[in-house]
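Asker: I'd like to go over a predicted model; first the sequence, then the structure.
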Amino acid sequence: MLDHDGVSGVIVETEAYHDSEPACHAYVGLTARTRPLFGEPGHAYVYRSYGIHALVNAVCEEEGVGAAVLIRALEPLAGVERMRARRGLTRLEELCSGPGKLTQALDVELELNEADLLDSPLRILPPPADRPAPELVVGTRIGIRKAAELPWRFCARGNRNVSKPWPPGLGVAPRRGNAATRVG
DNA sequence: CATGGGATTGACT
DNA sequence: GTCAATCCCATGC
């Protein structure tokens, strides 16, 4: 789970990025922006997307390798009222079902770039002990133009908090309400 | 120093 | 389906 000051959710969707492929910011090598990606694993890489959103990654691999996992969706666990206040929405599945949504819900901003995810206000922790490990649905990454064919998106099967477009085989029925989505 | 392109979202046709 | 909002930073002159 990802926790920021007591507001938290179980990670239900991720994407992998690696300096060997051009969709990764680290592909350009070591720069001011990519320094965290090449740094110590277990730290955050937070960057501004489209001038609007902060997106959060967990840096992976040894120092010198530019790699990270983008956290794309959470299932809200604690602090749901603070999430609702920050998001201006009430429906649970709308609070953290996207990489920009979850940073808004958890109030993750650029100042948390390079934060130690094991020992800082922003932490990655084990999921609740009574929670079974999810089955994973693998798909291609969302919103990128380069290396778009790599199957490096991982979603928890059957979880409604996964961002759209839902990958094939997620196992969640579309919301009903119109004839086009109704089955038999 | 000027430019351009996003690992997105929400509103609108 | 289309489109704008708006920041950071890599790149090129």
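Answerer: Cool, the structure landed. Residues are numbered from 1 along each chain as shown, chains lettered A, B, ... in the order given.
Asker: make it CA atoms for all contacts and neighbour counts henceforth
Answerer: Will do.
Asker: all strands of chain A, in order?
Answerer: A:2-4, A:7-18, A:44-49, A:53-59, A:67-78, A:122-124, A:136-139, A:153-156 (DSSP state E).
Asker: Give the other helices and strands that the fourth one contacts.
Answerer: Identification of packing neighbours for strand A:53-59 by 3 or more C-alpha pairs under 8 Å, 6 or more residues apart in numbering; DSSP states H and E yields strand A:44-49, strand A:67-78, helix A:99-106.
Asker: out of these, nearest to DNA strand C?
Answerer: Among the helices and strands packed on strand A:53-59, strand A:44-49 comes nearest to DNA strand C, with 5.3 Å by C-alpha to the nearest atom of the strand.
Asker: to the chain's geometric centre, what's the distance from the closest one?
Answerer: Relative to its chain's centre, strand A:44-49 lies at 11 Å (C-alpha atoms, centre = their mean, to the nearest Å).
Asker: What number of residues are in the vicinity of residue A:147?
Answerer: Residues near residue A:147, counting by other C-alpha atoms under 10 Å, number 13.
Asker: Retrieve the pLDDT associated with it.
Answerer: Listed pLDDT for residue A:147 reads 96.
Asker: distance of it from residue A:153?
Answerer: Plainly put, residue A:147 is 12 Å away from residue A:153 if you go by C-alpha to C-alpha, to the nearest Å.
Asker: Repeat that for residue A:34.
Answerer: Per C-alpha to C-alpha, residue A:34 is found 21 Å from residue A:153.
Asker: what's the answer for residue A:30, then?
Answerer: Counting by C-alpha to C-alpha, the gap from residue A:30 to residue A:153 is 25 Å.
Asker: What residues of stretch A:9-26 count as buried?
Answerer: Within stretch A:9-26, the residues that count as buried by 16 or more other C-alpha atoms under 10 Å are A:9-19, A:22-26.
Asker: Next, residue A:128: phi, psi?
Answerer: Main-chain torsions, residue A:128, degrees, to the nearest 10: phi -50, psi 140.
Asker: Let me see the contact set for the nearest residue to residue A:43 once chain neighbours are set aside.
Answerer: Distance criterion C-alpha to C-alpha, 6 or more residues apart in numbering; nearest residue to residue A:43, sequence neighbours excluded, is residue A:116 at 4.5 Å. Listed by C-alpha atoms under 8 Å, 6 or more residues apart in numbering, the contact set of residue A:116 reads A:42, A:43, A:44, A:122, A:123.
Asker: ok, and the most crowded of the residues you listed?
Answerer: Going by other C-alpha under 10 Å, residue A:44 tops the contacts of residue A:116 with 30 neighbours.
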